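Trainee: coordinates for the following, if possible.
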Amino acid sequence: MFMARNIILWAVISVLMIVVITLPVSLQAQLICSLSVVAFMALIKVLKAGGKWRLIALAFGTSIVLRYVYWRTTETLPPINQPENFIPGLLLYLAEMYSVMMLALSLFIVAMPLPSRSSHARDRKRFPTVDVFVPSYNEDPALLANTLAAAKAMDYPQDKVQIWLLDDGGTLQKQRSSNIRDAETAVTRNRELSQLCEELGVNYLTRERNEHAKAGNLNNGLKHSQGELVAVFDADHAPAHDFLMETVGYFEDDPKLFLVQTPHFFINPDPLERNLQTFESMPSENEMFYGIIQRGLDKWNAAFFCGSAAVLNRKALETTDGFSGISITEDCETALALHSQGWNSIYIDKPLIAGLQPATFASFIGQRSRWAQGMMQILRFRFPLFKRGLSLPQRLCYMSSTLFWLFPFPRTIFLFAPLFYLLFDLEIFTASGGEFLGYTFAYMIVNLMMQNYLYGSFRWPWISELYEYIQTVHLLPAVISVMLNPRKPTFKVTAKDESVSVSRLSEIGRPFFVIFAALFVALLVAAYRVYTEPYNADVTLVVGGWNLFNLIMAGCALGVVSERKDRASSRRFKINRRCEFGIDDTWYPASVEDVSAGGARLQVFGRDIPSLREGNTVQIRFTPHNGEGTALLPLAVRNFQISGDITAVGCEYAPASALDHRWIADLIFANSSQWEEFQRARRRNPGLFRGTIWFLGLSMYQTSRGLVYLFRGLNRKAA
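Mentor: Predicted coordinates for the structure are as follows:
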């Protein structure tokens with residue numbers, strides 16, 4: 001009876017919604033309605049009303065969106081007997097409908113995401129056995145040493161956990177390569193990493209051939225291990241000391257659980273954050289996914305494996321013969337296969353690892369190209385909408401995750417659509433200036449407000465558009481290539497721990513300057529046409545405004561591809577940890593003020609510290625996070641500054657043996673609460689108006705900076 005009432009209620013609401021959407025009204029009435037909805041949504045936001053009021057505001061916004069879709073579909077498409085107008089007009093219409101569809105999927109997933117789960121690190125009577133996999137290909141041994149040492153130091157009974165370095169860079173296939181340099185590199189790597197693992201007390205494992213990339217490497221690890229659970233960390237993802245305690249307990253609560261996924265937190269900025277200098281003040285790109293979207297997916301039992309920072313159930317993996325390897329995104333593909341078999345997943349919204357992300361724009365694009373191509377392979381080979389065994393919400397969630405990577409197509413169309421009218425006088429959007437204001441502009445404002453409702457302090461206004469634009473230029477050919485040949489893409493390891501030693505333009509940045517120039521020319525044409533064709537001024541102003549927005553976005557992108565000089569691969573984090581500073585067998589009270597992946601800054605109490613010089617080898621001793629014994633870590637002095645009784649000393653890690661990496665890992669990675677504090681400090685919502693003003697100022701500055709880099713580069717070539 002209850003179900004029948006719900007169906008009747010849903011049917012009545014649907015009929016009423018259709019009537020409202022299709023109701024013929026005057027342009028004046030449409031304007032009043034749009035303004036009323038915008039004012040209502042703004043009021044709800046200002047009053048910070050949540051719960052049902054949030055849903056009501058989103059429902060009102062949805063009505064404006066659907067009203068726009070109806071108008072756009074029935075009144076704005078060019079006549080089909082004008083193919084020069086109709087074809088580009090239809091492409092623009094399809095691009096807009098894609099955006100509406102993705103908005104609908106976002107509303108379904110994150111309108112009311114699950115709240116963050118409470119801590120699960122309680123005393124347990126049973127500790128399942130765990131194998132920790134660290135897959136590697138070409139990463140530096142020092143980077144691997146930190147990750148392995150951090151994994152070794154996790155709070156867990158030592159007889160219940162085995163750490164495995166799965167090395168695909170020292171395989172027999174590589175050691176026997178016909179290229180003598182590659183062969184000797186593989187032999188040396190195999191020898192060095194075997195010794196490193198022996199000193200750290202972890203297992204080194206390689207294989208005969210490099211087959212099926214990362215998935216094959218992980219499956220080789222499964223063959224040689226026996227733990228009930230499997231934790232996976234990328235080579236540059238070092239876990240906090242409480243990672244296992246926060247995650248493994250969920251498997252005891254649910255025998256059908258196959259995955260506990262945690263967020264990826266990065267201690268270095270991506271190219272956009274580094275070149276625009278927003279890392280300390282604005283939420284990172286990945287925080288929208290891990291802070292909101294994964295919690296929304298978790299609500300529908302669709303949180304998926306992200307390749308690292310996760311624990312998986314071996315019994316579940318055995319049902320799929322291990323990790324899936326048809327696509328180059330083995331993580332999402334594996335989760336899709338297990339969800340379709342009735343297994344469950346959980347997402348914990350707490351950063352329990354710290355890693356590195358690409359520092360250069362070229363490496364960033366290479367990583368995103370692999371993600372995009374892998375998701376297209378999943379869409380092609382696994383098509384989640386018709387995947388047997390998935391619930392309807394799970395189908396929609398996976399479709400959202402895969403279809404998202406089609407964004408280069410609509411972004412390209414939105415970028416060049418104004419040029420069809422301004423440069424070629426094609427009418428691909430049949431509407432007056434007033435209709436554009438009443439329908440299109442209202443839709444755009446409401447769309448932005450809805451995104452602000454959904455993502456708030458996790459994504460500032462216009463930043464998503466900027467990220468999509470800077471990727472579109474290079475991802476479009478990558479996505480097209482995988483559509484034409486879905487089996488062609490191969491797994492490529494993303495370069496990490498990079499640095500930019502000199503300020504320069506990115507080697508793949510040239511297309512952005514060409515696009516900027518084309519948009520600037522179109523802006524001049526728009527101004528000319530407003531002056532010479534006053535009878536079309538309303539339409540020309542609208543299209544010119546659209547082109548101006550594209551120009552603002554393109555100008556900001558010039559700053560993204562203008563690589564700032566930055567030798568450090570990571571930022572420093574404040575920790576304020578007590579220690580003792582030792583030099584020439586004398587110890588001084590001190591504290592570690594901040595740390596990074598490469599070194600630390602100390603505050604040493606002592607007016608006169610003899611023999612302190614740049615290049616000195618010194619030591620610090622401190623109590624590890626597990627409270628056992630005393631850590632003694634050698635450092636090299638890089639700089640110092642005396643101020644009264646306090647000497648500030650900047651140091652670089654100088655490990656004398658592999659075991660010293662235990663203490664480096666303890667300083668940097670052991671305390672997960674520091675990552676939470678850093679994220680909370682960045683998570684604030686500037687609002688749509690202030691955020692827009694901020695973005696305009698940012699774009700103006702980055703445009704000028706990008707042009708300066710361009711002229712400098714041209715002058716160097718001329719010289």
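
Trainee: okay, domains of this protein per the record?
Mentor: Domain ranges of the chain: 2-112+407-563, 130-401, 573-678, per automatic domain parsing.

Trainee: and the end-to-end length of the longest one?
Mentor: So the one you mean is domain 130-401. Terminal residues of domain 130-401 lie 30 Å apart, using C-alpha to C-alpha, to the nearest Å.

Trainee: just how off-centre is it within its chain?
Mentor: 15 Å (C-alpha atoms, centre = their mean, to the nearest Å).

Trainee: what's the answer for the last one, then?
Mentor: Domain 573-678 sits 31 Å away from the centroid of its parent chain (C-alpha atoms, centre = their mean).

Trainee: could you pull up the mean pLDDT of that domain?
Mentor: Mean per-residue pLDDT for domain 573-678: 89.

Trainee: determine which stretch of the domains of the chain is the most buried.
Mentor: domain 130-401 (a mean of 20; mean count of other C-beta atoms under 10 Å). Just so you know, the C-beta spots here come from the backbone N, C-alpha and C atoms, and that holds for glycine as well.

Trainee: what pLDDT, on average, does that domain get?
Mentor: pLDDT averaged over domain 130-401 gives 94.

Trainee: rewinding a little: ok, which of the domains of the chain comes nearest Leu710?
Mentor: For the domains of the chain, the distance to Leu710 is smallest for domain 2-112+407-563, at 6.0 Å, taking C-beta to C-beta.

Trainee: what's the longest strand seen in the chain in contact with?
Mentor: The strand that spans the most residues within the chain, counting by DSSP state E, is strand 631-643. Contacts to strand 631-643, defined as C-beta atoms under 8 Å, 6 or more residues apart in numbering, come from residues 599-600, 607, 612-624, 647-656, 660, 662-664, 666-667.

Trainee: repeat that for 7 Å
Mentor: With contact meaning C-beta atoms under 7 Å, 6 or more residues apart in numbering, strand 631-643 is reached by 599, 612-622, 624, 647-656, 660, 663-664, 666.

Trainee: taking strand 631-643 as reference, get the angle to the next helix or strand after that strand.
Mentor: Where DSSP states H and E defines the elements, the next helix or strand beyond strand 631-643 is strand 646-653. Relative orientation of strand 646-653 and strand 631-643, computed by axes from the mean of the first three to the mean of the last three C-alpha atoms, to 10 degrees: 140 degrees.

Trainee: note down every partner strand of strand 646-653 and its orientation.
Mentor: According to DSSP bridges, strand 646-653 forms sheet pairs with strand 599-605 (antiparallel), strand 631-643 (antiparallel).

Trainee: any chance of those in a markdown table, plus distance to Gly355?
Mentor: Listed next are the strands paired with strand 646-653 as a markdown table, based on distance: least, C-beta to C-beta, whole Å:
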| stretch | distance to Gly355 |
| --- | --- |
| strand 599-605 | 18 |
| strand 631-643 | 22 |
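
Trainee: which one of those lies nearest to Tyr68?
Mentor: That would be strand 599-605 among the strands paired with strand 646-653, by C-beta to C-beta, at 53.8 Å.

Trainee: so after the closest one, what's the next helix or strand?
Mentor: strand 617-622.

Trainee: relative to strand 646-653, how tilted is that following strand?
Mentor: Using the same axes, to 10 degrees: strand 617-622 against strand 646-653 is 100 degrees.

Trainee: and the contacts of strand 617-622?
Mentor: 577-583, 590, 602, 630-637, 654.

Trainee: distance of the most centrally placed residue in the chain from Asp645?
Mentor: Centroid-nearest residue in the chain, with C-alpha atoms, centre = their mean: Asn286, separated by 2.9 Å. Separation of Asn286 from Asp645 (C-beta to C-beta, to the nearest Å): 42 Å.

Trainee: then Gln277?
Mentor: Noted for Gln277: a distance of 34 Å to Asp645, by C-beta to C-beta.

Trainee: check Ile292 too.
Mentor: As judged by C-beta to C-beta, Ile292 and Asp645 stand 47 Å apart.

Trainee: Ile163 is in contact with Thr147, isn't it?
Mentor: No: the criterion here is C-beta atoms under 7 Å, and Ile163 misses it with Thr147 at 9.6 Å.

Trainee: pLDDT of stretch 440-456, averaged?
Mentor: So the average pLDDT for stretch 440-456 ends up being 91.

Trainee: give me the contacts around it.
Mentor: The contact list for stretch 440-456, computed with C-beta under 7 Å, 6+ apart, reads 34, 37-38, 41, 54, 57-58, 61, 64-65, 68, 103, 106, 110, 288, 292, 461, 685, 688.

Trainee: contacts for the host helix or strand of Val69 next, please.
Mentor: Assigned by DSSP H and E, Val69 belongs to helix 52-75. Contact with helix 52-75 is made by 20-22, 34, 37, 40-41, 44, 93, 96, 100, 103, 107, 111, 439-440, 442-443, 446-447, 449-450, 453, as judged by C-beta under 7 Å, 6+ apart.

Trainee: one more pass at 6 Å, please.
Mentor: Helix 52-75 is contacted by residues 21-22, 37, 40-41, 44, 100, 111, 439, 442-443, 446, 450 when judged by C-beta atoms under 6 Å, 6 or more residues apart in numbering.

Trainee: go on, stretch 457-466?
Mentor: By C-beta under 6 Å, 6+ apart, stretch 457-466 touches 282-283, 287-288, 291-292, 556, 683-686, 688, 691-692, 695.

Trainee: please apply the same query to stretch 138-145.
Mentor: 136, 169, 192, 196, 235-236, 497, 658, 661.

Trainee: repeat that with 8 Å
Mentor: 134, 136, 165, 169, 192-193, 196, 200, 235-236, 356, 493, 496-497, 655, 658, 661.

Trainee: do the same with stretch 500-510
Mentor: Applying C-beta under 8 Å, 6+ apart, the contact partners of stretch 500-510 are 271, 359-362, 365, 474, 561-567, 709-710, 713.

Trainee: which of the residues you listed fall in helices?
Mentor: Within those, residues falling in helices by DSSP state H are 271, 361-362, 365, 474, 709-710, 713.

Trainee: any idea which of those residues is closest to Asn671?
Mentor: Nearest to Asn671, judged by C-beta to C-beta, of the ones in helices among the contacts of stretch 500-510 is Pro271 at 27.7 Å.

Trainee: look up how far Ser363 lies from the closest one.
Mentor: 8 Å.

Trainee: how about Leu229, phi and psi?
Mentor: Dihedral pair for Leu229: phi -120, psi 160, per degrees, to the nearest 10.

Trainee: which parts of the stretch 301-450 of the chain are helices?
Mentor: 314-319, 330-340, 361-381, 392-403, 408-424, 433-435, 442-455 (DSSP state H, counting those that start in this stretch).

Trainee: okay if I get those as CSV plus distance to Ala718?
Mentor: Shown next, in CSV, are the helices of the stretch 301-450 of the chain (distance: least, C-beta to C-beta, whole Å):
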stretch, distance to Ala718
helix 314-319, 59
helix 330-340, 47
helix 361-381, 24
helix 392-403, 46
helix 408-424, 31
helix 433-435, 46
helix 442-455, 43
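
Trainee: what about these, which gets the closest to Tyr701?
Mentor: helix 361-381 (18.2 Å).

Trainee: okay, angle between the closest one and helix 392-403 too, please.
Mentor: 140 degrees.

Trainee: for helix 361-381, packing partners?
Mentor: The contact analysis (3 or more C-beta pairs under 8 Å, 6 or more residues apart in numbering; DSSP states H and E) places helix 361-381 against helix 271-276, helix 330-340, helix 392-403, helix 463-484.

Trainee: how far out from the middle of the chain is the last one?
Mentor: Going back to what we said before, that points to helix 463-484. When distances are taken as C-alpha atoms, centre = their mean, helix 463-484 is centred 15 Å away from the chain's centroid.

Trainee: next SSE after it?
Mentor: Following helix 463-484 in sequence order, the next helix or strand is strand 504-505 (DSSP H and E).

Trainee: can you list the strands that that following strand pairs with?
Mentor: Using DSSP bridges, the strands paired with strand 504-505 in its sheet are strand 562-563 (antiparallel).
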